[in-house]
Structures are given as structure tokens and as C-alpha cells.
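Undergrad: Here is the input, now give the coordinates:
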Amino acid sequence: MKGPKGTLRVPLPAGIRLERQDGRLVARREKPEQSALHGLARSIVANAVRGVSQGFEKHLDIVGIGYRAEVKGKTTLLLTLGYSHAVEYPIPEGLAISVEKQTHLVVSGSDKRQVGQAAAEIRAFRPPDPYKNKGIRYTGERLKKKVGRPLRARALPSSESSSQRSVVSSQLSSFVELLRAVATDRGQRANDKGQLTTDY
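TA: Predicted coordinates for the structure are as follows:
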């Protein structure tokens, strides 16, 4: 098919043929069992007609401090997404990518499947973070933000809590006795030193 947006060749399911009647294309099937493919063939042709006449677009937004995009030479999309290096994405043939205000991307082309695939690949470079929603998202995409889990002290069973208290109490008493012994030893050494000095 040819149109202002280019030329497309689309394969049809086996057993489905197109006929032109009164300026319109009519899909016909050879066997009744192929009724499931009838609607598929109609959708494929309708998307191709719209693609070569109007084209398809996918809009993406980049959210995050320092995140941005730019087109380099009309053949490469350069993405800065918080990594240690910039991400380069080669623009597929037949597609066009434009950048608005460094954070809004528009992927356009005549092939609906190719446009959607390219948009999905770009989004996969930095999917939205579930906690802060930073990353690349489709325009209008609704995201669910997760709430960070606060740190909570683990509640101990009553038996475990009482035993732990007794252990802590015994350790504390041992530490106090050790401090008293050190203080007594230091006092004794000071007295001995003073006595030796007086005798001399």
C-alpha cells in the first residue's frame, strides 16, 4: 500500500483474500473454519491504510532529575538516565523520533507494530521506579506508587523477652562489678605509691 506517509507491505493470513468492490477492500475467506482470521485480516489492512495515510505515534515522558534525551544526527537517540554512561538507541529505518523540552519523546511511523516496538524498547532502558516513579513512561500511563516499609522493632514472645531481660541484667551486673574492681585496684595502687614516696 502506498500513501503520503510511505509504502507498506503486510502479509495476510492463509486462506484470506482481498477484493476491491466500489472503491473498498472486502476480505473473503475460502473456508468457514477461517472465520477467526477474517477479523484479523481486516485489522491488519485497516492499520496499514491508516499508517500510510495518517501514521501512528507513541508519546513517552522522561521523569527524573538530570534525565533527558536528544536526537543525534537523526539516526541515534541519546538518553541520559542516571547510569554511568549515556544510552544510545539507533533509530530504526522507517521511524522518526523527536524530542521536546528534553523530556518528551514522540515516536512516529507508518507501521503500527514497529512504532509500538520501538517505544517499548526505549521505555525498557529505565522503567518507572515503583517507589518514586522515576524513569520512562508512556504519556498518560497510570502508575501505582509503593509506600516504603518503615522499620519496626520485632516483638518478642513473652518467654523469649523475659529470658533476654535476665541475660541483659546479668551482663550489666557483671560489667558493674568489673568497674568496681578496676576502681579499687587503681585506688590501691595510688595508696601504695604514696606510701613508698613517704618512706623514701
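
Undergrad: Low-confidence ranges, this protein, go.
TA: By pLDDT under 70, the weakly predicted segments of the chain are 34, 151-165, 167-168, 187, 189-200.

Undergrad: Okay, domains of it per the record?
TA: Annotated domains of the chain cover 1-54, 55-145 [automatic domain parsing].

Undergrad: looking at the ones you listed, which is buried most?
TA: Across the domains of the chain, the average number of neighbours (mean count of other C-beta atoms under 10 Å) peaks for domain 55-145, which reaches a mean of 15. For the C-beta atoms, the positions are set from N, CA and C on the backbone; glycine is no exception.

Undergrad: Figure out how far the helix or strand hosting residue 136 is from the centre of its chain.
TA: Element membership for residue 136, per DSSP states H and E: strand 135-138. The gap between the average C-alpha position of strand 135-138 and the chain average comes to 8 Å, counting by C-alpha atoms, centre = their mean, to the nearest Å.

Undergrad: Please apply the same query to stretch 47-58.
TA: Relative to the chain's own centre, stretch 47-58 is displaced by 29 Å; criterion: C-alpha atoms, centre = their mean.

Undergrad: what comes into contact with that stretch?
TA: Counting contacts by C-beta atoms under 8 Å, 6 or more residues apart in numbering, the residues outside stretch 47-58 that touch it are 1-8, 10, 106-112, 115-116, 118-119, 138.

Undergrad: re earlier: for the strand holding residue 136, packing partners?
TA: Helices and strands touching strand 135-138, by 3 or more C-beta pairs under 8 Å, 6 or more residues apart in numbering; DSSP states H and E, are strand 56-63, helix 112-124.

Undergrad: follow-up on the earlier one: reformat the domains of the chain as TSV; add distance to residue 183.
TA: Below are these laid out as TSV (distance: least, C-beta to C-beta, whole Å):
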stretch	distance to residue 183
domain 1-54	89
domain 55-145	53
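
Undergrad: so which of these comes closest to residue 169?
TA: Put simply, out of the domains of the chain the one that sits nearest residue 169 is domain 55-145, at 41.7 Å, with distance taken as C-beta to C-beta.

Undergrad: Could you work out the end-to-end span of that closest one for me?
TA: Counting by C-alpha to C-alpha, to the nearest Å, you get 34 Å between the two ends of domain 55-145.

Undergrad: ok so, going back, can you list the helices and strands packed on strand 135-138 in TSV and add distance to residue 166?
TA: TSV is the format used below for these (distance: least, C-beta to C-beta, whole Å):
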stretch	distance to residue 166
strand 56-63	54
helix 112-124	56
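
Undergrad: ranges for the helices of this protein?
TA: 35-53, 112-124, 158-199 (DSSP state H).

Undergrad: can those helices go into a markdown table with extra columns for distance to residue 18?
TA: Formatted as a markdown table, the entries for the helices of the chain read as follows, by distance: least, C-beta to C-beta, whole Å:
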| stretch | distance to residue 18 |
| --- | --- |
| helix 35-53 | 7 |
| helix 112-124 | 18 |
| helix 158-199 | 77 |
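
Undergrad: This completes my enquiry, with thanks.
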